[in-house]
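Student: A predicted structure for the sequence below; I have some questions about it.
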Amino acid sequence: MPDTAIRLSDVTVRFDEKRLAFDCAIPAGAAVAVAGPSGAGKSTLFNVIAGFQKPATGTVALLGQDMAARDPAERPVSIIFQDNNLFAHLSVAENVGLGIDPGLKLDTAARQRVFSALSRVGLGGYERRMPGSLSGGERQRVALARALVRRRPILLLDEPFAALDPAMRADMAKLLSELRAETKSTLLFITHQPEDIRRLADRVMFLEAGAILLDAPVDEFLVSRHPPAVAKFLGHSAI
Ligand SMILES: Nc1ncnc2c1ncn2[C@@H]1O[C@H](COP(=O)(O)OP(=O)(O)OP(=O)(O)O)[C@@H](O)[C@H]1O
C-alpha cells in the first residue's frame, strides 16, 4: 500500500466565475476532518476525489495511481452522502447488497457478508426493513454497511453526524473509529463541529473560499488562533 492515499496536485475546478483550487497529500490510514464555512468547497473536494467532478486542471492520484481515466465506480473510493444514499423501493439488505453486485445476484457467501456488515453497524435483524421506516441515523448506518461490503480503501463521508442526536454522534464516531482500525482504510469526513474533530480526526483540512487554508495534525489545529476563519470555527479569539 502506498504511503499517500490521496494526492491532489494543482487541481482546479471552475464553476462559471468561481475557481476552486486544491493541493494536498493525505497519508494512507489517516482520519481527516474536512471543515470550513458553507460554500468553501468541501463537497466539491469530495466530488473531485470520487470522480463526480472533473477538474479543469491538475491531477488526482489515489493510492499512487492517476485517476484521470477512471469513472467513479472504478475508483478505490466509497462515498456516503448526507442523505439519499438508499433506494426507497429496496429493502435494507438489498441496499447493502448493491455494494457487492449492482444486479443483486448474491450467492450465499455474499448474503453472509451483507448480514455481517449490518450486524457490524448495529442493524442485525433489520434486513427486511424498508428505508422509509428507518430513522436518519439508521439510514446512515445502512449506507455505512454498504460501504463496508464494497471494501474500498478510501471512505468519504459527507457530514455523517449531521442527522444524529448527541448520544448517537458519539456512537457513530466510535463505530467509525473501530471500522477504521479494522479495515485500515483512509477516512475523510466533513463536519461543522469541533467536537467531531476531537473524537475522530488525526488531521484536519480547513477550507475557505475554494482553497485549503490549513492542513494540520489535529492537536495543532485545535489550538490554532490563525487564520481568523479557523479561530472563529474553534471559538478562539483570533490573533
Ligand atoms: N455544480 C455547480 N455549479 C455552480 N457552482 C457550484 C456547483 N457546485 C458547487 N458550486 C459552488 O462552489 C462553491 C463550493 O460549493 P461546495 O458545495 O463544494 O461547498 P461546501 O463547502 O460543501 O458547502 P456546504 O457546507 O454549504 O455544503 C459554492 O460557492 C457553490 O455555490
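Tutor: On my side now, so go ahead. Numbering: from 1, shown residues only.
Student: The helix or strand bottoming out on mean pLDDT in the chain: which residues count as buried?
Tutor: Within the chain, no helix or strand scores below helix 166-183, which has a mean of 86 by mean pLDDT, DSSP states H and E. Within helix 166-183, the residues that count as buried by 16 or more other CB atoms under 10 Å are 168-169, 172-173, 175-176, 179-180, 183. In short, each C-beta sits where N, CA and C put it, glycine included.
Student: before we move on, what about stretch 196-211?
Tutor: 196-197, 199-208, 210.
Student: cool, and stretch 67-79?
Tutor: In stretch 67-79, counting by 16+ other CB under 10 Å, buried: 67, 75-79.
Student: among these, which are in strands?
Tutor: Among these, the members found in strands (DSSP state E) are 77-79.
Student: Turn those into TSV, including pLDDT.
Tutor: Shown next, in TSV, are these (pLDDT from 0 to 100):
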residue	pLDDT
77	96
78	94
79	93
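Student: So which of these is the closest to the ligand?
Tutor: Nearest to the ligand among those: residue 79, at 13.0 Å, using CB to the nearest ligand atom.
Student: isn't that closest one right up against residue 50?
Tutor: Yes - here residue 79 reaches residue 50: they are 4.7 Å apart, a contact under CB atoms under 8 Å.
Student: At the contact with the ligand, which residues of this protein appear?
Tutor: Within reach of the ligand by CB under 6 Å from any ligand atom, the chain has these residues: 15, 18, 36, 38-44.
Student: coming back round to it: can you pick out the most distant pair from the buried residues of stretch 67-79?
Tutor: Across the buried residues of stretch 67-79, no pair lies farther apart than 67 and 78, at 14.7 Å, counting by CB to CB.
Student: Quick one: low-confidence residue ranges for this protein.
Tutor: Applying pLDDT under 70 to the chain flags the ranges 1, 237-239.
Student: picking that back up, so which of the buried residues of stretch 196-211 are in helices?
Tutor: Using DSSP state H, the members of the buried residues of stretch 196-211 that fall within helices are 196-197, 199-200.
Student: Where do the strands of the protein begin and end?
Tutor: Using DSSP E, strands in the chain cover 4-15, 18-27, 31-35, 57-62, 65-66, 77-80, 154-157, 186-190, 203-208, 211-217.
Student: Output the longest one as PDB, restricted to C-alpha atoms.
Tutor: What it means is strand 4-15. Listed next in PDB are the C-alpha coordinates belonging to strand 4-15 (Å, rounded to 0.1, in the frame of the first residue of the first chain):
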ATOM      1  CA  THR A   4      -0.100   8.500   0.300                       C
ATOM      2  CA  ALA A   5      -3.700   7.600  -0.200                       C
ATOM      3  CA  ILE A   6      -4.800  10.800  -1.900                       C
ATOM      4  CA  ARG A   7      -2.700  13.300  -3.800                       C
ATOM      5  CA  LEU A   8      -4.200  16.300  -5.500                       C
ATOM      6  CA  SER A   9      -1.700  18.300  -7.500                       C
ATOM      7  CA  ASP A  10      -2.600  21.700  -8.900                       C
ATOM      8  CA  VAL A  11      -6.200  20.700  -9.100                       C
ATOM      9  CA  THR A  12      -8.600  23.500 -10.100                       C
ATOM     10  CA  VAL A  13     -12.400  23.400 -10.600                       C
ATOM     11  CA  ARG A  14     -14.300  26.100 -12.400                       C
ATOM     12  CA  PHE A  15     -18.000  27.000 -11.900                       C
END
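Student: Only the buried residues of it, if you could.
Tutor: 4-8, 11, 13.
Student: ok, now the last one?
Tutor: For strand 211-217, a neighbour-count test (16+ other CB under 10 Å) marks 212-215 as buried.
Student: ok, which pair from these is furthest apart?
Tutor: Put simply, by CB to CB the two of those set farthest apart are 213 and 215, 8.5 Å from each other.
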